[in-house]
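Student: Kindly return the folded structure for what I paste below:
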Amino acid sequence: MVRTLAGCGADVAIHYYRGEDRAKALQQEIETTGRKTCIVQADVAKKDDINRMRDEIGAALGPPDIIVNNAVIQYDWVQVLDPSPDDYCSQFESCVLHNVLS
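Tutor: Residues are numbered from 1 along each chain as shown. Sure, this is the predicted structure:
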């Protein structure tokens with residue numbers, strides 16, 4: 001998504017939870033095209049991280065025009081009624097709640 005958006009002329013923020021080296025490599029790749037980037041580490045299930053990420057991106061690139069939400073906590077796939085309540089809560093926090101908080 002970052003490559004596609006940058007290829008269309010967008011400046012892009014690159015979020016990572018783990019994998020700083022890959023985020024930095026992608027940032028360097030995108031910056032060679034003349035687009036501005038910033039990278040931000042955050043846990044999207046934590047309100048303080050979400051707020052910090054929002055503020056860092058805003059300071060570096062201004063308010064976003066497009067947000068791609070694709071972060072999700074991974075867990076073992078089981079039948080829909082079999083996950084523990086904790087698994088449901090973690091999915092809600094990583095898939096829904098960060099949209100409300102940002």
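
Student: What ranges does this structure have for its strands?
Tutor: 12-16, 37-41 (DSSP state E).

Student: ok, longest helix in this protein?
Tutor: In the chain, assigned by DSSP state H, the helix with the most residues is helix 47-61.

Student: ok, and what's touching that helix?
Tutor: With contacts defined as C-beta atoms under 8 Å, 6 or more residues apart in numbering, helix 47-61 is touched by 11-13, 15, 36, 38, 40, 42-44, 64, 98, 101-102. From N, CA and C alone the C-beta is placed, and that goes for glycine too.

Student: how about the residues you listed in JSON lines, adding pLDDT and distance to residue 58?
Tutor: Formatted as JSON lines, the contacts of helix 47-61 follow (pLDDT from 0 to 100; distance: C-beta to C-beta, whole Å):
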{"residue": "11", "pLDDT": "97", "distance to residue 58": "12"}
{"residue": "12", "pLDDT": "97", "distance to residue 58": "14"}
{"residue": "13", "pLDDT": "97", "distance to residue 58": "9"}
{"residue": "15", "pLDDT": "94", "distance to residue 58": "14"}
{"residue": "36", "pLDDT": "97", "distance to residue 58": "13"}
{"residue": "38", "pLDDT": "97", "distance to residue 58": "10"}
{"residue": "40", "pLDDT": "97", "distance to residue 58": "11"}
{"residue": "42", "pLDDT": "93", "distance to residue 58": "13"}
{"residue": "43", "pLDDT": "88", "distance to residue 58": "19"}
{"residue": "44", "pLDDT": "84", "distance to residue 58": "16"}
{"residue": "64", "pLDDT": "91", "distance to residue 58": "8"}
{"residue": "98", "pLDDT": "69", "distance to residue 58": "16"}
{"residue": "101", "pLDDT": "71", "distance to residue 58": "14"}
{"residue": "102", "pLDDT": "62", "distance to residue 58": "10"}
